[in-house]
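here is my input, please return the structure:
(chains A and B)
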Number of protein chains: 2
Amino acid sequence: MTSGKLALIAGGGAVPVEVARYLKATDRPYCVLRLKEFAEPELTDHPGYDVGLGDFGFIFSLLAQEACQNICMVGYVRRPDFDTLEHDAGGAAHLPAIQAAGRGGDDSLLRQVAHMFESKGYVIEGAHEANPQLLVGHGLQAGPEPSAKGHDDMVEAIRIANVIGALDIGQAAVVANKITLAVEAQEGTDLMLARISGLSPALKGSLADRKGVLAKVAKPIQDLRLDMPTIGISTVEAVAQAGLCGIVGQVGKLLVVDKTATYATADRLGVFIYGFDDSDSPPR
Amino acid sequence: MTSGKLALIAGGGAVPVEVARYLKATDRPYCVLRLKEFAEPELTDHPGYDVGLGDFGFIFSLLAQEACQNICMVGYVRRPDFDTLEHDAGGAAHLPAIQAAGRGGDDSLLRQVAHMFESKGYVIEGAHEANPQLLVGHGLQAGPEPSAKGHDDMVEAIRIANVIGALDIGQAAVVANKITLAVEAQEGTDLMLARISGLSPALKGSLADRKGVLAKVAKPIQDLRLDMPTIGISTVEAVAQAGLCGIVGQVGKLLVVDKTATYATADRLGVFIYGFDDSDSPPR
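Take a look at the predicted model:
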């Protein structure tokens, strides 16, 4: 699955850059299809092409020309306005189905695009498959060892986030002293963390006296090849700012962008980062 | 249970005022123990006394003197700082247990106070028992009839809010087009509604094109005599501002403060208010 030449369809942000670097460093054959307006400038250092979001005809011709059977779609893309989206002749054939899927939300949109590639025999790889180094490891990864309370909150935060995920509400929750301080829905993790600071001092921790854990998990219905829970330096900073003591994710289901710098930030700010698996669950 | 002379221990806000007015209008014997710094000025029009939060000795003597066996504790009270709380000799005896309970959060604190009264033979009544007029009725109460989509979102919002409540996370959720836009945890309903406006226009409604429903429910562990989900004019205004089309609560488990004005606001702003019970659930 993670062999053969890979076409990296790259949106914005650091993850596509880290995937490209890894492909280069490991000598895997690849080319980068840089999405115009989104892909990072650094990606022009890699073999590849600039493509528009609606240029499916061009994209398919490049995939054939480059003999890529595997595709990794990763990075930030602003949801297009389909009414005004520029597209080529190949795009015109695919846009109606993609546009219809878009009404079901971003997940549905991305799935439809993946389905379009798969229906033509291409194999979709997740960022974590194209670059396994992005995944969080098992156990304590950075920052101080969790206290007993921190460990309890970590277990409870994972439990709450998993229930929230199973309901398809969101990916994240914050628990302090076993009380759920905040739950992520459509606002996203950053805004959820930002509102912790406004809570009663009786509930939350502070920069000096940390309390509570952010859990970030994958929804059961989430296609991890298309969308992985992700943390980075800014997550660690926001968690520290919110007075929390740590971050927990599931082993194999959490990407850490810019891992060296992210873990160094966690060490510096005293935020633990922990990769959780079933062996960490308390006995029942 | 809702007979006999009632002592209304009144914090801030409109609910204690509405309970007092109802007791007066229905000729039930009562007196009001107005919590200093919190109770509304209007309550001085009713028979009663000003008492401090820590004056348990005085409160017990008033209950005996007024021959009240029933107590209703309602209204807003800012969590006291127990280290500096002024108290009388009777308070000194009870404060340690109450202070210990306070560390478990507001719910735990209020339960401990209720338990203290009950252990001496007093009967605690909820605001909805002392004034049943505060409760939402069954079915459409105000605003336009929900559309088919609005009805679907109402059913889903109730389902999500009940799960959130069962997890002891919070009392409220917002669902639009069957997607959970926001879930309330410790930040409260107002802040949850405020963040809807910041979501992608693809997800949320607008003032002109309403979409989505706020469900406000009771947690299963919630003692409704001490803490009831409550809406009022400001809730309706916030719901309209968030571009939602309606509010749904559970019959018997939602208080509507200032009901006439709240329902008039809902009519004016085009927000439906619906009292939901099991007969409204879709067949499975």
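
could I get the average pLDDT for the helix or strand hosting residue A:173?
Using DSSP states H and E, residue A:173 maps to strand A:172-176. Averaged across strand A:172-176, the pLDDT comes to 97.

any residues touching it, and which ones?
Outside of strand A:172-176, the residues within contact range by CB atoms under 8 Å, 6 or more residues apart in numbering or on different chains are A:153, A:156-157, A:160-161, A:164, A:180-184, A:189, A:192-193, A:196, A:203-205, A:211-217, A:229, A:242, A:244, B:185. No exception for glycine: its C-beta is placed from N, CA and C like everyone else's.

list the contacts of residue A:265.
By CB under 8 Å, 6+ apart, the neighbours of residue A:265 are A:233, A:236-237, A:271.

let's go with 10 Å and repeat that
By CB atoms under 10 Å, 6 or more residues apart in numbering or on different chains, residue A:265 lies in contact with A:142-143, A:232-237, A:239-240, A:258, A:271, A:273.

what does residue A:225 give?
Per CB under 10 Å, 6+ apart, neighbours of residue A:225: A:1, A:71-74, A:110-111, A:114, A:123-130.

swap the cut-off to 8 Å and go again
Contact analysis of residue A:225 by CB under 8 Å, 6+ apart lists A:114, A:124-126, A:129.

same thing with residue A:281?
The contact partners of residue A:281, by CB under 8 Å, 6+ apart, come to residue A:155.

go through the contacts of residue A:225 and say which is closest to residue A:82.
Proximity of the contacts of residue A:225 to residue A:82, judged by CB to CB, is greatest for residue A:114, which lies at 17.6 Å.

hang on, that closest one in a helix?
Yes. Applying DSSP: H, G, I helix; E, B strand; the rest coil, one finds residue A:114 inside a helix.

surely it meets residue A:98?
No. At 10.7 Å, residue A:114 does not count as touching residue A:98 under the criterion of CB atoms under 8 Å.

higher neighbour count, those two?
The neighbour count for residue A:114 versus residue A:98, taken as other CB atoms under 10 Å in any protein chain shown, is higher for residue A:98 (22 against 17).

any idea which element the residue of chain A positioned farthest from its centre lies in?
Distance from the C-alpha centroid of chain A peaks at residue A:202, with 32.5 Å (CA atoms, centre = their mean). Assigned by DSSP H and E, residue A:202 falls within no helix or strand.

walk me through the domains of chain A.
Split into domains by automatic domain parsing, chain A comes to A:6-130, A:135-276.

gap between the two ends of the first one?
Which is domain A:6-130. Using CA to CA, to the nearest Å, one end of domain A:6-130 lies 8 Å from the other.

distance between it and the chain's centre?
Mean-position distance between domain A:6-130 and its chain equals 16 Å (CA atoms, centre = their mean, to the nearest Å).

any idea of the mean pLDDT for that domain?
Across domain A:6-130, pLDDT averages out at 89.

which one of the contacts of residue A:225 is nearest to chain B?
Nearest to chain B among these, counting by CB to the nearest CB, is residue A:114 at 19.6 Å.

excluding its backbone neighbours, what's nearest the closest one?
In space, and not counting its chain neighbours, residue A:114 is closest to residue A:124: 5.0 Å by CB to CB, 6 or more residues apart in numbering or on different chains.

alright, calling it a day.
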